[in-house]
Structures are given as structure tokens and as C-alpha cells.
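Novice: Requesting a structural model of the entry that follows:
(one chain, ligands or ions: 1)
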Amino acid sequence: MTPNNIQKLRPSLPIPTEIKGAEIGSFAHFTVCVRLPEIAQRVIAENDFPLSIEQNLQVLIAEIPNGKIRDLQDVDAPDLADWTGYIEPYKGNNWLEVPWYFAEAYFYRRILEATTYFQVGSWQNVDPYEKQKRLGLETTIDAIGTLSEFGKSAIASATDIETKKNAFGQLLSADLWGNRVDLSLWPILEGGSSRVESTREQSFILVDDTAIIAEKVVNFQNLRIDFIVDNAGFELIGDLCLADYLLASNLAAVVHLHLKAHPIFVSDAMSKDVLYTIEFLAQATDVNVKELGLRLKDYIEQGRLICQENLFWTSPLAFWEMPELLYQELTKSSLIIVKGDANYRRTIGDRHWEYTTPYQSITSYFPAPFVALRTLKSEVAAGLSTEQLEQLPQQDAQWLTNGQWGVIQFVDRHH
Ligand SMILES: O=P(O)(O)OC[C@H]1O[C@](O)(CO)[C@@H](O)[C@@H]1O
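Specialist: Presented below is the predicted three-dimensional model:
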């Protein structure tokens with residue numbers, strides 16, 4: 001398909017209503033009323049802000065959930081005009097009346113307004129979650145060592161097709177479970193790192209398309225692969241190890257990492273977090289970790305590993321509302337790896353789909369073949385069976401939100 005005749009698509013099925021915090025008893029309601037104010041309190045506790053910024057944050061906290069959604073006030077911000085448009089339909093609503101995803105994206109954007117992130121001064125471009133992000137790396141160093149060692153041996157033994165499939169599958173699985181470590185849910189200081197456990201927990205994967213993807217990927221020769229990245233910290237290490245494997249074995253000629261243009265959802269990765277992480281690895285004493293860091297530095301220098309930021313990734317929009325240019329850019333990819341819960345919610349518009357609706361039918365609008373690697377942390381799902389929906393609540397009452405269950409869902413090109 002050439003750029004001129006690309007048609008931006010939408011889900012082909014009737015689109016259900018959006019999830020809202022107003023749904024009493026839902027995880028969305030709990031998030032807006034309890035989690036968001038707690039996250040803002042933690043931002044105050046972890047930074048040495050002057051009184052004026054602390055007061056801004058206290059005002060924000062006091063607004064949730066009954067205050068009114070208002071325009072942003074940071075006049076120099078590059079996304080101000082975009083946000084004026086996003087806010088328009090919801091101005092004057094309270095935080096529970098608006099779509100949940102909008103409420104969360106708006107909250108994280110209001111944190112940046114409060115901390116003067118876009119204003120000239122000493123707090124300009126200061127990431128309010130920096131401390132958490134760094135701890136996310138430092139406290140998982142043992143797991144990073146294990147994964148780097150595995151990655152190195154996978155590259156060395158990638159000679160025949162079956163070995164390649166197996167190694168790719170294991171790195172994909174490690175990359176999925178890295179998504180358990182999410183600082184917006186489990187702050188590192190409260191034991192987040194203990195969730196880095198075994199990299200292979202097959203029985204907790206509710207939909208597993210690994211074999212189909214592996215079959216496809218091991219036949220790649222120097223193609224382009226993209227990641228729509230989620231969290232910095234250990235999850236990013238999983239992305240980087242997978243990227244390393246794809247590049248070292250020439251399955252991919254180039255890997256594009258799509259990153260957030262500013263801080264959001266506490267731990268979400270920006271380009272500067274990728275560069276910091278690679279430097280952190282390259283400085284490690286563990287030889288496998290160090291070598292991984294040095295290989296990644298080389299890929300960056302050779303233009304084989306490319307960091308790309310786009311303001312769309314921090315917007316409150318569904319993925320089918322992606323800007324045309326970004327959509328066209330992604331059509332160049334042979335495979336897109338979509339990471340995490342928030343990105344998954346956006347692939348299906350964070351709406352009340354029946355959990356048995358085929359994921360492929362909702363996401364057929366996507367610009368390229370993709371695989372969603374997501375641990376479940378919110379009450380949206382697609383592609384599950386009726387048997388699973390009967391059994392899971394008996395097995396684990398919190399299965400939709402506790403991040404212990406995952407999916408590896410592949411969607412091939414439909415158009
Ligand atoms: O890092 P991830 O996997 O996107 O998880 C973050 C998401 O999980 C939640 O914490 C619960 O859905 C949201 O607040 C956010 O959507």
C-alpha cells in the first residue's frame with residue numbers, strides 16, 4: 001500500500017461506550033478516587049519542590065474527583081493546543097463523568113502543569129518520577145543479569161530455525177512479564193521489585209499466539225520492527241533484550257522505539273530514559289550486562305536502534321484516532337510490539353467490549369501486523385473464551401486487575 005492510498009480505518013464492529021470512573025465499584029472508580037491522589041502525594045514526597053509547586057499539587061489533589069475539568073494553563077507547552085481540543089467536550093464535567101482514560105491522561109498532564117515542567121525555570125524538564133524510574137533499574141539488577149545472560153546465549157546459539165523460534169518465544173515471554181513491574185501500581189519502595197519472578201509462567205497467559213509470531217519472525221531477513229514502548233525500568237530491559245536479539249541475528253535491520261515525549265503514568269519511558277538505561281547497562285560490572293549495554297550503544301550509533309517520541313503517545317485518544325503521519329510511519333513496519341496495559345486499553349479505545357469479542361476484529365484498523373504484550377491491570381479484555389470467563393473469577397477474584405495474568409495477542413495485516 002503506498003502512502004497516497006492509505007485509508008485510516010476504525011474498528012469494523014459497533015463501538016461500545018467508554019469506561020468511566022463513575023462506575024461505582026469499578027477499578028476505574030478506585031483509580032480516580034484513590035490511586036490518582038496517592039500518586040500526586042508521592043510526587044510531592046519524592047521531590048524537593050518549592051512551596052509554590054507543592055501548593056499547585058495540593059490544589060490538584062483537592063480537585064479529585066469532584067472538581068471540574070478545565071483548560072490547561074501552561075502557555076508554552078508544545079501540546080497545549082492539542083489539549084484544548086481534547087478537553088473541550090469535557091470542560092465542566094467532574095473527574096468521574098469523563099472517560100477513564102481521558103481522566104488518567106489529563107491527571108498526568110496536570111501534574112506537569114503543577115510542577116512547571118514546560119515553563120522556563122529550575123523545574124523545567126524535570127521528570128517528577130525520576131527517582132522511581134532509577135530505583136526501578138537499580139533494584140532489578142539481578143534479574144537484568146539473568147536476562148542479559150540468556151540473551152547472549154540465545155544470540156550465540158541462533159543457528160537453526162527451531163532454536164531461533166524457542167529463543168524468540170522466551171524473550172517475548174520475558175518481555176510480557178516485565179510488564180508486571182509497573183510503578184504506578186507497585187512503587188519500588190513498597191516491594192515492586194519482588195514481582196520480577198520467573199520469566200516463563202505459561203499457565204497465566206490467557207491467549208498465547210507466540211508460536212504464530214515466532215514462525216513469522218524467524219523468517220524475517222533484515223526487516224523493520226517497532227515497539228510502542230511502555231515502562232522504563234525492568235520492562236524496558238525486556239524490550240531492549242528482545243531488540244538486541246532481533247538485531248544481532250539480522251531478523252531486523254532496524255528497530256524503532258516509540259516513546260513518550262514527556263513523563264506520564266509514573267514509569268513510562270521517554271528517549272532520555274532509554275539512553276540512561278543503556279548507559280547504566282554499559283557501566284555495569286556484570287560482564288553480560290555490560291556487553292548488552294555496549295551492543296545497544298553500537299546499534300544506536302549505527303542508526304539500527306532509533307528512539308522516536310510523538311505527542312500522540314501522551315494524548316487521551318484511542319489508537320484508531322492516531323494522526324495520519326504517524327499512522328503512515330507505522331505502516332512501514334513488518335511487526336509492531338505493543339507493550340503494556342495502557343497501550344492495550346488504547347488499542348480497543350478503553351471501552352466496554354464483551355470480553356469474548358475477537359481482539360482481531362476490534363483492531364483490524366491497525367497500520368501493520370502487531371502483537372500486544374499485556375498483563376491485565378484494568379477491567380478491559382478481548383479475545384477470551386466463555387470457559388475462561390467462567391473459571392477465572394473462581395480461581396482469582398482479582399484476575400482482571402492484579403497484573404498476574406497476561407496475553408500475547410497477534411493481529412496480522414487485514415488490509
Ligand atoms: O504500565 P502499564 O502496563 O500500561 O500499566 C499502567 C496502567 O495500569 C493502570 O495502572 C491500571 O489500568 C492504569 O492506571 C494504567 O492504565
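
Novice: For stretch 129-139, list the C-alpha coordinates in CSV.
Specialist: Coordinates of each C-alpha in stretch 129-139 appear next as CSV, following Å, rounded to 0.1, in the frame of the first residue of the first chain:
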residue,chain,number,x,y,z
TYR,A,129,9.1,10.4,38.6
GLU,A,130,12.9,10.3,38.1
LYS,A,131,13.7,8.8,41.5
GLN,A,132,11.2,5.9,41.0
LYS,A,133,12.5,5.2,37.5
ARG,A,134,16.1,5.0,38.6
LEU,A,135,15.2,2.7,41.5
GLY,A,136,13.3,0.6,39.0
LEU,A,137,16.6,-0.2,37.4
GLU,A,138,18.9,-0.4,40.4
THR,A,139,16.6,-2.8,42.4
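
Novice: roughly how far out does it sit from the chain middle?
Specialist: Relative to the centre of its chain, stretch 129-139 is centred 16 Å away, using Cα atoms, centre = their mean, to the nearest Å.

Novice: pLDDT averaged over it, what's the number?
Specialist: Stretch 129-139 shows an average pLDDT of 93 in the prediction.

Novice: Residue 106 and residue 91 touch, don't they?
Specialist: No. Between residue 106 and residue 91 there is no contact under Cβ atoms under 8 Å: 11.1 Å. Bear in mind the C-beta positions are built from the backbone N, C-alpha and C, glycine included.

Novice: so what sits against both of those two?
Specialist: Residues touching both residue 106 and residue 91 (Cβ atoms under 8 Å, 6 or more residues apart in numbering): residue 69.

Novice: between those two, which one's more packed in?
Specialist: Between residue 106 and residue 91, residue 106 has the larger neighbour count (other Cβ atoms under 10 Å), namely 22 against 12.

Novice: mind checking the SS state of the more buried one?
Specialist: The local conformation at residue 106, judged by DSSP: H, G, I helix; E, B strand; the rest coil, is helix.

Novice: cool, the one 4 residues further on as well?
Specialist: When the structure is reduced to helix, strand and coil (three-state DSSP), residue 110 reads as helix.

Novice: Then residue 401?
Specialist: coil.

Novice: What's the separation between it and residue 228?
Specialist: For residue 401, the distance to residue 228 equals 22 Å [Cβ to Cβ, to the nearest Å].

Novice: same question, residue 312
Specialist: Distance from residue 312 to residue 228, by Cβ to Cβ: 10 Å.

Novice: do residue 58 as well
Specialist: Distance, residue 58 to residue 228, using Cβ to Cβ: 34 Å.

Novice: between these two, which one's more packed in?
Specialist: Higher neighbour count among residue 58 and residue 228: residue 228, with 22 against 14, using other Cβ under 10 Å.

Novice: who's in contact with that one?
Specialist: 258, 313, 336, 337, 338, 339, 343.

Novice: what's the nearest residue to residue 209 if we skip its chain neighbours?
Specialist: residue 410 (3.7 Å; Cβ to Cβ, 6 or more residues apart in numbering).

Novice: Quick one: list the elements packing against whichever strand or helix holds that neighbour.
Specialist: Using DSSP states H and E, residue 410 sits within strand 406-411. On a contact count with 3 or more Cβ pairs under 8 Å, 6 or more residues apart in numbering; DSSP states H and E, strand 406-411 meets helix 161-177, strand 205-208, helix 210-217, helix 359-362, strand 370-375.

Novice: List the neighbouring strands of it plus their orientation.
Specialist: Using DSSP bridges, strand 406-411 pairs in its sheet with strand 205-208 (parallel), strand 370-375 (antiparallel).

Novice: which of the ones you listed is buried the deepest?
Specialist: Neighbour counts (mean count of other Cβ atoms under 10 Å) averaged over each of the strands paired with strand 406-411 peak at strand 370-375, with a mean of 26.

Novice: so does it get close to the ligand?
Specialist: No. Judged by Cβ under 6 Å from any ligand atom, strand 370-375 makes no contact with the ligand; its nearest approach is 6.5 Å.

Novice: which outside residues touch that strand?
Specialist: Contacts for strand 370-375 (Cβ under 8 Å, 6+ apart): 172, 175-177, 179-180, 209, 213, 335-341, 343-344, 347, 359, 363, 403-411.

Novice: from the chain's centre, how far out does that strand sit?
Specialist: 10 Å.

Novice: What are the buried residues along the helix or strand that that strand is followed by?
Specialist: Counting by DSSP H and E, the next helix or strand C-terminal to strand 370-375 is helix 386-395. Under the neighbour-count criterion of 16 or more other Cβ atoms under 10 Å, helix 386-395 has 388, 392 buried.

Novice: what about helix 386-395, distance to the chain center?
Specialist: Its chain's C-alpha centre and that of helix 386-395 lie 26 Å apart, by Cα atoms, centre = their mean.

Novice: what does stretch 128-141 give?
Specialist: Counting by Cα atoms, centre = their mean, stretch 128-141 comes out at 16 Å from the chain centroid.

Novice: Could you do stretch 331-346 as well?
Specialist: Using Cα atoms, centre = their mean, the offset of stretch 331-346 from its chain centre is 8 Å.

Novice: Determine whether any part of that stretch lies close to the ligand.
Specialist: Yes. Applying Cβ under 6 Å from any ligand atom, one finds stretch 331-346 in contact with the ligand at 340, 341, 342, 345.

Novice: Let me see the mean pLDDT of that stretch.
Specialist: For stretch 331-346, the per-residue pLDDT averages 98.

Novice: Pull out the buried positions in the one helix or strand residue 297 maps to.
Specialist: Using DSSP H and E, the element containing residue 297 is helix 287-302. Using 16+ other Cβ under 10 Å as the test for burial, helix 287-302 gives 288, 289, 291, 292, 293, 295, 296, 297, 299.

Novice: I'd like these as TSV, with distance to residue 204 and pLDDT appended.
Specialist: Conversion of the buried residues of helix 287-302 to TSV gives the following (distance: Cβ to Cβ, whole Å; pLDDT from 0 to 100):
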residue	distance to residue 204	pLDDT
288	27	97
289	27	98
291	31	98
292	27	98
293	30	98
295	31	98
296	29	98
297	34	98
299	32	98
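
Novice: Next secondary structure after the strand or helix carrying residue 253?
Specialist: In this assignment (DSSP H and E), residue 253 forms part of strand 252-259. Counting by DSSP H and E, the next helix or strand C-terminal to strand 252-259 is helix 271-282.
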